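>>> next input, structure requested:
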Amino acid sequence: MYIAVLGLGEAGSIYALDLAQRGVTVVAFDPLVATAPDGVSMAPSVADAVRGVDIVVSLVGARAAASVLEAALPSMGAATVYADLNTGGPEAKRSLAALAEARGISFVDVAILAPVPRSRIETPLLLSGSGAARLLTRFQEIEIPATDVGTEAGLAASLKLLRSVFMKGLAGLVFESLSAADTIGARDWVQQQIASELGPDGDELVRHLLDGTSKHAVRREAEMRDAQAYLESLGSPSWMTAATIDWLHKIAGQRDAVTTPGPADPRRSFADGGR
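Numbering: from 1, shown residues only. Here you go, the predicted structure:
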């Protein structure tokens, strides 16, 4: 199997490395990354990366998703499946699908259901779009956990947004509870109470919610704005989601206030500002 990975940010680097370790021939492209993960070859351009491959995996960030797809399409053949793993709203995914399918390319809207660093290539995925069934078959060959939810691009993104209403909302509640607990010196007790209600893995889940939200607040705020827009399009209330956005905005501002610029990270890629 021959797979191109576009974007070598945090998630892209993990997928490229893990795919190579499962015996896949992997070629990657990222204009801001000079060194590929072990076992992965670097291409000089998007066009060179996607030429002749079985699957293209796009992890370039939502802001670059359309331009990278447009750069890839002229060099792709009808046998190639284009998998967009970037976080985006259902309308954005449908627009990408229309671009691909106008050129005869099968498109898959892929929703990643958990932070990739936690479970790496074992992270569960949802697939929807014209190429979903084909991609599921290929992913099963290399034991990537994925579920085909239909032929309509945007459905996987929609389901992920509905899940995020709960997961990011839960994180907002944790922050709000612990912020109040801090004022009376009861943080440890309240955190233990929350963890105990979340089951046997509650301690780990709370840590993930706190650490992941603090690290990725900007990205998650953008995701929750997509979720709010989707809920409104359904005519569904979004009161809790609006509050979650407020919390994420506050957390992002606090993080920016204590972050000082450092030397450029050679692993930084054009994906870092998107997903």
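
>>> got the buried residues for the helix or strand where residue 175 lies?
For residue 175, the host element (DSSP states H and E) is helix 155-183. Under the neighbour-count criterion of 16 or more other CB atoms under 10 Å, helix 155-183 has 155-161, 164-165, 167-175, 177-178, 181 buried. Quick note: C-beta positions are derived from backbone N, CA and C, even for glycine.

>>> elements contacting that helix?
Counting by 3 or more CB pairs under 8 Å, 6 or more residues apart in numbering; DSSP states H and E, the packing neighbours recorded for helix 155-183 are helix 90-102, strand 106-112, strand 125-128, strand 146-150, helix 187-197, helix 202-215, helix 217-233, helix 239-258.

>>> hmm, 6 Å instead?
Contacts defined by 3 or more CB pairs under 6 Å, 6 or more residues apart in numbering; DSSP states H and E place helix 155-183 against helix 90-102, strand 106-112, strand 125-128, helix 187-197, helix 202-215, helix 217-233, helix 239-258.

>>> dump these to TSV, plus distance to residue 146.
Formatted as TSV, the helices and strands packed on helix 155-183 follow (distance: least, CB to CB, whole Å):
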stretch	distance to residue 146
helix 90-102	16
strand 106-112	8
strand 125-128	4
helix 187-197	30
helix 202-215	22
helix 217-233	20
helix 239-258	27
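
>>> most tightly packed of those?
strand 106-112 (a mean of 26; mean count of other CB atoms under 10 Å).

>>> now the helix or strand following that one: mean pLDDT?
Using DSSP H and E, the helix or strand that follows strand 106-112 in sequence is helix 116-119. Averaging pLDDT along helix 116-119 yields 92.

>>> then stretch 189-206?
On average, stretch 189-206 scores 95.

>>> stretch 210-217 too?
Stretch 210-217 comes out at a mean pLDDT of 92.

>>> which residues sit against that stretch?
115, 171, 248, 251-252 (CB atoms under 6 Å, 6 or more residues apart in numbering).
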